[in-house]
Each structure stands twice: as C-alpha cells, then as structure tokens.
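Participant: Just need the structure, nothing else, for what follows:
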Amino acid sequence: MSFEDNLFKKYRERIKEFIKDSVDKSSTGGVVMGISGGIDSSVAAQLCTEALGSDRVFGVIMPSKSSQRSDIEDAESIVKKLGIDYKKIPLDNIISLFEHTLTGNGKISDRKVLGNLTARVRMVILYYFANSMNYLVCGTGNKSEIMCGYFTKYGDGGCDILPIGDIYKTEIFEFAKYLGISRKIIEKPPSAGLWVGQTDEQEMGITYRELDSILMQVDNSSDIESNFSNFSDISKINKDSEIINKIFNFIKGSEHKRNLPEICKLNNL
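Facilitator: Sure, this is the predicted structure:
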C-alpha cells in the first residue's frame, strides 16, 4: 500500500468514526444531505453511508434552472449507487416566489444576491427534512472553502457536521479516486450551480491548486495576519504577490463566517 493510500485509509476510518459518534451523541437517527452531483457531496455521501448504513442517510437533490442536466443525472446515480432514500425538490418556484415578494417586479438582478438566496433556500429545505426525521444536516464543505470563506453564511455553511471539512480540495480529488467515485464526477469543473456557467475557480479567480499551495502553508488559526506575515519573502514560495494578497483578503474578509455571532458583553459596565 502506498503512503497516499495508507493516509486515505486513515481519513476514511476517522471520518466514519466522526459521523457515527456525531449522530450517536446527538440522539438523532441519521443524516440529511444535499446531493449536487459534485465531488464533495459524492465523497461525503459515500462516507456517511459507510458509517451509518444506507437506511440512515437521506439525500435531497435540489435542481434549479441553472442546474446542468448532467449534474442532476450524476446526483441521481450517486443515491442509487449508494442505495439511499432521496427526494428531488425543484427550486425554481420557491425562488420565484421569493423574488416576487422581495422585489415587487419578480427579478433579482444581482446574481450573487440570487446565488446566496438560493443557497439559503437549500439550507431551509435540508433542515425541514432533518427536523421532520430527527436527523442531523451533513455539510459537504471542504477545508479550502472553509478557510477562504467560499460558502454562503447560513446557506451551505449552515449544517450540523462537516465530515470532509479538514481536507483540502486538491486532496478531495485524490481521496475520491481512492473511494472509487466516478471519474466523470471527479474530472468535471467544481461548481456550486448557483447560476448558469458558474464554476468555483472562475468565480474565485484562482485555481484550487494555487489556492491550496498557499493555504497548506498557513496555520488555520484566528491569527491570520500573523500567519501571513511569514509570506513577506514572496520568492521563497514562488507565488505572485497578487495571488497571496487575494487569498489573504479571502481569509480575513470571511472570518465572521467561521465564528458564531459576536455578543456585546455588558458585564464590565
């Protein structure tokens, strides 16, 4: 067994233990999760199924007008392969009702505003099923997304557990191969599917390989500025300063997403 396979074997066992312990400690029956047809939800769904059994994992496929038909097909193939129960909830009518109610003219023109709304509608649907079934909501975010804030607060960031939240995106690709995830899913461009043609790397303006090459050198702590001061000598890491500054701004600007809401303390008045 190669070093990489041995590492992924440890990942697999530790994550399965984490999922099972999380469900047991919460006195819930299993997990609900969104199945997008992408690599992250495919990996998370397989690990949840291995940890809990197919009868304790419930998938929700939430297509919209921005969804690629191939993604919906991939999502359906995943739940069928894993043998988990699922429901398909189309989002267009729900989003349209929000648009008409909020704008008066039935149109949200800012695609990022609409994308965040869509992500939060997905979260509400997942928690509906979780509450109805007494299940936890399993998030599918990875470490790269979490560190740089590439998720919607109270949207895809709204969940109870994050089984793959300590694995960088570039590692996820290799981990997925180890788990036997379909090559079609592994090789397609990562996308949150929030608008037509959207891809993660295009929206961020940086590739995951570039992003992770920096993130892996940053200790994931609250003292972001101190960590980035270590990168003052750009030549040592062979990266353009513009890329480093972009990542620094991602991390610093999204700090509020990774923390609970700050409370105004009054005890010292």
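
Participant: which helices and strands sit right next to the helix or strand containing Glu145?
Facilitator: Taking DSSP states H and E as the criterion, Glu145 maps to helix 143-148. On a contact count with 3 or more Cβ pairs under 8 Å, 6 or more residues apart in numbering; DSSP states H and E, helix 143-148 meets helix 169-179, helix 208-215, helix 241-253. In short, each C-beta sits where N, CA and C put it, glycine included.

Participant: now the helices: where do they sit in the stretch 101-250 of the chain?
Facilitator: For the stretch 101-250 of the chain, applying DSSP state H, counting those that start in this stretch gives helices covering 111-133, 143-148, 169-179, 183-187, 200-204, 208-215, 224-229, 241-253.

Participant: Need the distance between the two termini of stretch 154-170.
Facilitator: 25 Å (Cα to Cα, to the nearest Å).

Participant: Mind listing what's buried along that stretch?
Facilitator: 155-165, 167-170 (16 or more other Cβ atoms under 10 Å).

Participant: any weak-confidence spans in the stretch 1-150 of the chain?
Facilitator: 1, 3 (pLDDT under 70).

Participant: Just the strands from it, written as ranges.
Facilitator: 31-34, 57-61, 85-88, 136-137 (DSSP state E, counting those that start in this stretch).

Participant: Direction included, what does the last one pair against?
Facilitator: It stands for strand 136-137. Paired strands of strand 136-137, with direction, are strand 31-34 (parallel) (DSSP bridges).

Participant: What lies in contact with the partner strand?
Facilitator: Strand 31-34 is contacted by residues 19, 23, 41, 44-45, 48, 52, 56-62, 122, 126, 129-130, 133, 135-140, 156, 161 when judged by Cβ atoms under 8 Å, 6 or more residues apart in numbering.
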